[in-house]
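Participant: build me a model:
(one chain, ligands or ions: 1)
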Amino acid sequence: MLAAELRLHDVRVLVLEEKTEPASAVRIVGLHIRSLELMAMRGLLDRILPHGRKRPAGAYFAAIPKPAPEGLDSRYAYLLGIPQPVIERLLEEHATELGAQVRRGCAVTGLAQDDEGVTVELADGEQLRSRYLVGCDGGRSTVRKLLGVGFPGEPARTESLMGEMEVGVPQEEIAATVAEIRETQQRFWLRPAGVGVYSVLVPAVGVSDRTEPPTLEDFKQQLRAVAGTDFGVHSPRWLSRFGDATRLAERYRVGRVLLAGDAAHIHPPIGGQGLNLGVQDAINLGWKLAARIRGWAPETLLDTYQAERRPVAEEVLDNTRAQTELLSTEPGAQAVRRLFTALMEFDEVNRHLLEKITAIGVRYDFGAGPELLGRRLPDLDVKQGNLYGLLHRGRGLLLDRTERLTVGGWSDRVDYLADPTAALDVACVLLRPDGHVAWIGDDQRELDDNLSRWFGEPAR
Ligand SMILES: Cc1cc2nc3c(=O)[nH]c(=O)nc-3n(C[C@H](O)[C@H](O)[C@H](O)COP(=O)(O)OP(=O)(O)OC[C@H]3O[C@@H](n4cnc5c(N)ncnc54)[C@H](O)[C@@H]3O)c2cc1C
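Facilitator: So this is what the prediction gives:
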């Protein structure tokens with residue numbers, strides 16, 4: 001996602017990926033509302049939709065079965081179920097079509113930075129030079145460790161095995177046993193995941209070697225422990241192991257090196273937010289880093305990445321901590337879960353939680369101002385179609401209902417749309433390339449100050 005964002009601004013990008021083949025572990029529940037909006041903003045949604053399944057937006061907070069509140073303020077108010085390898089492939093295709101280079105089988109093992117750039121060392125000793133480096137290298141990030149950036153938080157309390165495989169017993173036999181176990185064991189499932197293939201989740205209790213990938217035998221043992229039978233599982237498609245560690249990088253940037261995605265934050269998968277959060281990091285960072293490289297970034301723009309995104313991650317970590325407690329089978333936690341379930345009957349409570357999980361409630365701190373300042377603008381109808389259709393190129397946009405203002409010397413970075421009919425109850429909004437509202441008003445001088453604040457000096 002980040003590579004594609006940078007390419008929109010003609011920045012040369014090289015993606016270094018340690019693995020020689022794309023990952024096959026399915027993992028994610030799907031894309032939540034804000035990520036779907038971002039995909040629509042970049043013209044990617046039409047490419048993604050045929051590969052996913054639309055599901056209702058609600059019922060993702062601690063798996064409490066409450067439907068989403070009515071009237072969500074989004075054109076994309078659903079969850080798109082889509083396997084992680086598919087979304088990764090589609091994003092890679094998008095980035096390479098835009099001109100990003102991807103080199104597989106290249107593990108970063110060292111880095112050094114100076115005033116002009118970063119030198120990266122690969123496992124085979126090759127050295128590469130770039131102006132900036134972004135560590136999008138996952139929870140065990142080598143880049144983060146090489147920077148010496150702390151990753152404080154809580155270690156995993158529980159670990160689970162997850163995989164896809166075939167089973168040797170009839171479906172009816174499975175269904176009855178599984179339903180019975182699910183009543184007491186939250187971290188267990190055995191459910192169809194395609195023709196003849198089942199997805200399996202079991203606790204990893206006693207599977208001690210964390211450095212080695214789990215084996216089919218590990219799954220069989222755990223199934224026997226939980227269900228009294230291993231269901232004759234065989235022919236695994238992929239097997240993986242994950243924990244519920246919760247950690248946040250102390251800094252997102254050290255000089256010319258930045259962190260994004262799981263390299264900056266990890267948390268339990270409950271609520272299905274990790275990949276979504278990383279995609280949103282990328283959309284926040286892309287245009288800022290590009291602006292820096294193209295030479296028009298205001299001095300502090302790159303620092304706003306951490307200032308804006310770290311608090312969002314902090315909140316996600318907290319909501320996954322809360323959800324983890326609500327999933328405990330302890331009597332106290334179960335009582336809190338019942339109370340929570342009752343509270344979610346209140347529309348405002350339900351809405352608040354859904355806005356957290358789906359990230360449509362994110363508000364960046366741009367200083368004092370109207371409620372909309374710092375928030376995303378939904379995909380409004382505008383006279384040229386829909387608003388997000390005008391944001392595909394990753395540029396700023398002035399939406400002007402007064403038809404009096406101008407983006408003047410910033411027109412190489414910011415588009416202008418005069419539309420008195422736009423469904424807004426304010427005169428004008430300035431949108432950043434990530435779709436967040438950077439300014440609201442009707443005064444040209446104030447607008448110019450804000451254009452400078454976000455988009456640097458005007459062209460002469
Ligand atoms: C069981 C499970 C379910 C989940 N469900 C959801 C969900 O429903 N929704 C959701 O949003 N998220 C979910 N997540 C979280 C999601 O999978 C992660 O947040 C996401 O994969 C993070 O993406 P990333 O690109 O930051 O890191 P990763 O996916 O970890 O990718 C990092 C990449 O960097 C490469 N790499 C690592 N080190 C190096 C190096 N030194 N040199 C070069 N390359 C390197 C790795 O090979 C890897 O390809 C789930 C996670 C788990 C475990």
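Participant: contact partners for residue 75?
Facilitator: 37, 40, 378-379, 386 (CB atoms under 8 Å, 6 or more residues apart in numbering). Where C-beta positions appear, they are placed from N, C-alpha and C, glycine not excepted.
Participant: wait, residue 381 sits on residue 424?
Facilitator: No: contact status for residue 381 versus residue 424: not in contact, 10.6 Å apart, counting by CB atoms under 8 Å.
Participant: helix or strand: which one has the residue most central in space within the chain?
Facilitator: Nearest residue to the geometric centre of the chain (CA atoms, centre = their mean): residue 276, 2.0 Å. Counting by DSSP states H and E, the element that carries residue 276 is helix 274-294.
Participant: can that helix be said to contact the ligand?
Facilitator: Yes: residues of helix 274-294 are located near the ligand by CB under 6 Å from any ligand atom, namely 274-276, 278.
Participant: quick one: list the elements packing against that helix.
Facilitator: helix 2-7, helix 33-41, strand 265-266, helix 303-326 (3 or more CB pairs under 8 Å, 6 or more residues apart in numbering; DSSP states H and E).
Participant: now do the SS call for residue 409.
Facilitator: Here residue 409 takes the helix state, with states given by DSSP: H, G, I helix; E, B strand; the rest coil.
Participant: residues touching it, list them.
Facilitator: Counted by CB under 8 Å, 6+ apart, residue 409 has contacts 457-460.
Participant: which ones among those residues also lie next to the ligand?
Facilitator: Answer for these near the ligand: none qualify (CB under 6 Å from any ligand atom).
Participant: winner for burial among the helices and strands packed on helix 274-294?
Facilitator: strand 265-266 (a mean of 28; mean count of other CB atoms under 10 Å).
Participant: hmm, who's touching that one?
Facilitator: 139, 153, 245-249, 274, 277, 313, 316-317.
Participant: that one near the ligand anywhere?
Facilitator: No: Strand 265-266 lies apart from the ligand when judged by CB under 6 Å from any ligand atom; the minimum separation is 7.4 Å.
Participant: so what strands line up beside that strand?
Facilitator: Partners of strand 265-266 in the sheet, by DSSP bridges, are strand 246-248 (antiparallel).
Participant: what does the strand it pairs with contact?
Facilitator: Counting by CB under 8 Å, 6+ apart, 139, 151-154, 264-268, 310, 313-314, 317, 320-321 sit against strand 246-248.
Participant: as a check, name the ranges of all helices in the stretch 301-450 of the chain.
Facilitator: Ranges of helices in the stretch 301-450 of the chain, per DSSP state H, counting those that start in this stretch, are 303-326, 331-343, 347-358, 444-455.
Participant: TSV please, covering those and showing mean pLDDT and distance to the ligand.
Facilitator: Formatted as TSV, the helices of the stretch 301-450 of the chain follow (pLDDT from 0 to 100; distance: least, CB to the nearest ligand atom, whole Å):
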stretch	mean pLDDT	distance to the ligand
helix 303-326	97	10
helix 331-343	95	21
helix 347-358	96	10
helix 444-455	98	26
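Participant: got those helices as JSON lines, with distance to residue 404 columns?
Facilitator: Shown next, in JSON lines, are the helices of the stretch 301-450 of the chain (distance: least, CB to CB, whole Å):
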{"stretch": "helix 303-326", "distance to residue 404": "29"}
{"stretch": "helix 331-343", "distance to residue 404": "47"}
{"stretch": "helix 347-358", "distance to residue 404": "34"}
{"stretch": "helix 444-455", "distance to residue 404": "8"}
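Participant: the strand of greatest length in the chain packs against which elements?
Facilitator: For the chain, the strand with the greatest residue count under DSSP state E is strand 234-243. In terms of contacts (3+ CB pairs under 8 Å, 6+ apart), strand 234-243 is packed against strand 159-166, helix 216-227.
Participant: so for the ligand, which of these sits nearest?
Facilitator: strand 159-166 (5.2 Å; CB to the nearest ligand atom).
Participant: wait, doesn't residue 455 sit right on residue 414?
Facilitator: Yes: counting by CB under 8 Å, residue 414 is a contact partner of residue 455 at 5.9 Å.
Participant: so which of the two has more stuff around it?
Facilitator: Applying other CB atoms under 10 Å to residue 455 and residue 414 shows that residue 455 carries more neighbours, namely 26 against 22.
Participant: want to try CSV for the contacts of residue 409, with secondary structure, pLDDT and neighbour count as columns?
Facilitator: Converted to CSV, these look like this (DSSP: H, G, I helix; E, B strand; the rest coil; pLDDT from 0 to 100; neighbours: other CB atoms under 10 Å):
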residue, secondary structure, pLDDT, neighbour count
457, coil, 95, 12
458, coil, 96, 17
459, coil, 92, 11
460, coil, 80, 4
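Participant: send the alpha carbons of the one helix or strand residue 96 maps to over as PDB?
Facilitator: Assessed by DSSP H and E, residue 96 sits inside helix 84-97. Extracted in PDB, the C-alpha atoms of helix 84-97 (Å, rounded to 0.1, in the frame of the first residue of the first chain):
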ATOM      1  CA  GLN A  84      -5.000 -11.900   3.500                       C
ATOM      2  CA  PRO A  85      -3.000 -13.500   0.700                       C
ATOM      3  CA  VAL A  86      -5.500 -12.200  -1.800                       C
ATOM      4  CA  ILE A  87      -5.500  -8.700  -0.500                       C
ATOM      5  CA  GLU A  88      -1.700  -8.800  -0.400                       C
ATOM      6  CA  ARG A  89      -1.500 -10.000  -4.000                       C
ATOM      7  CA  LEU A  90      -4.000  -7.300  -5.200                       C
ATOM      8  CA  LEU A  91      -2.000  -4.600  -3.400                       C
ATOM      9  CA  GLU A  92       1.300  -5.900  -4.900                       C
ATOM     10  CA  GLU A  93      -0.200  -5.900  -8.400                       C
ATOM     11  CA  HIS A  94      -1.500  -2.300  -7.900                       C
ATOM     12  CA  ALA A  95       1.900  -1.200  -6.600                       C
ATOM     13  CA  THR A  96       3.900  -2.800  -9.400                       C
ATOM     14  CA  GLU A  97       1.500  -1.500 -12.100                       C
END
